[in-house]
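Visitor: just coords:
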């Protein structure tokens, strides 16, 4: 910070309304956290609907959950956690001004992100093949046959799958947006725009990516692990 | 600069813990613990979320208290949404049947 208000030296990348870089960075970070707060409420509506219907239609939710591929779900969780590590290390590389390392880590993050979306696409495809997509061709016959002891109602099962597609769909949309943001970051990191003094976009983009990972950390147990214990 | 640079060892350590917790939660789901299956799954998820927020998102090292306030407020708002909705739906006559 300048000692005298009359002597304000120009700093590269510092906007005039901020006292110094720290304040500018904190303001950007705070703005991102506020946005993430609205995102919590955005997803919160769906989590709330999920909670109410799960309490009402527990058996249908249990049967629907059993029909998901837990193996693919676990692998996808691991893929997202790996991407969060590469993002955290990427922010660190930006802090230290290691341009090549930053570009490499951003590219790795993109690879993990696209890998996640690919696995998700496979899972959705399976649901289409099994007629588990809500709509005219929906059928829960296979689940009724598999789990006769749960006495499930097909129309209630449809609610589970509606929520499954809405929640994973909204999450996947956030992943697609995240991939877009990271393409932008990779391009400018490669151009050498980010330095130890100025790398706010990497940090802010990183916060967004970690948040999307956080949502998945809850979606995984809530959708895949409702009821996996052996049926008697 | 008030922004600390954490060691890459710490990040890799957090990553390893997150991976182990993921394997644990998927494995434990097959064990019959009655009602506690859901509790265990949510406790593990919350533990993972805490690790991500505190270390990967740097909240543990944030100098700005306002950031922490925003996070606590968001969670509080979410709890209002969940608890009040649930209080309503759980105390009504079963109109959905």
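Guide: Thanks, I have it. Every value quoted in this text rests on a predicted model; they were computed, and no experiment measured them. Residues are numbered from 1 along each chain as shown, chains lettered A, B, ... in the order given.
Visitor: Count the neighbours of residue 26 for me.
Guide: Because you didn't say which chain, this covers chain A. Neighbour count of residue A:26, defined by other CB atoms under 10 Å in any protein chain shown: 20. Every C-beta, even on glycine, is put in place using the N, C-alpha and C of the backbone.
Visitor: meant chain B actually
Guide: Neighbours around residue B:26, by other CB under 10 Å: 23.
Visitor: got it, and residue A:177?
Guide: Using other CB under 10 Å, residue A:177 has 12 neighbouring residues.
Visitor: Give me the local confidence score for the residue nearest to residue A:147 when sequence neighbours are not counted.
Guide: In space, and not counting its chain neighbours, residue A:147 is closest to residue A:63: 5.1 Å by CB to CB, 6 or more residues apart in numbering or on different chains. We have a pLDDT of 96 for residue A:63.
Visitor: which ones are touching residue 85?
Guide: Reading this off chain A. B:11, B:12, B:14, B:15, B:56 (CB atoms under 8 Å, 6 or more residues apart in numbering or on different chains).
Visitor: That was the other one, I meant chain B.
Guide: Residue B:85 sits next to A:48, A:51, A:52 when contact means CB under 8 Å, 6+ apart.
Visitor: SS state for it?
Guide: Here residue B:85 is recorded as helix under DSSP: H, G, I helix; E, B strand; the rest coil.
Visitor: How about residue A:133?
Guide: Strictly by three-state DSSP, residue A:133 counts as coil.
Visitor: Need the per-residue pLDDT for it.
Guide: Looking at residue A:133, its pLDDT stands at 96.
Visitor: The one 4 residues further on too?
Guide: At residue A:137, the predicted lDDT confidence score is 93.
Visitor: Secondary structure class of residue B:4, three-state.
Guide: coil.
Visitor: pLDDT below threshold where in chain B?
Guide: B:1-2, B:94-97 (pLDDT under 70).
Visitor: got the contact list for residue A:30?
Guide: Going by CB under 8 Å, 6+ apart, residue A:30 touches B:64, B:66, B:67, B:70.
Visitor: Next, it: secondary structure please.
Guide: Going by three-state DSSP: residue A:30 is helix.
Visitor: quick one, helices of the chain?
Guide: Let's take chain A. Using DSSP state H, the helices assigned to chain A run over residues A:21-56, A:58-67, A:70-95, A:99-129, A:141-146, A:154-190, A:200-219.
Visitor: The intended chain is chain B.
Guide: Remark: helices assigned in chain B by DSSP H are B:8-28, B:36-51, B:65-90.
Visitor: All good on my end, thank you.
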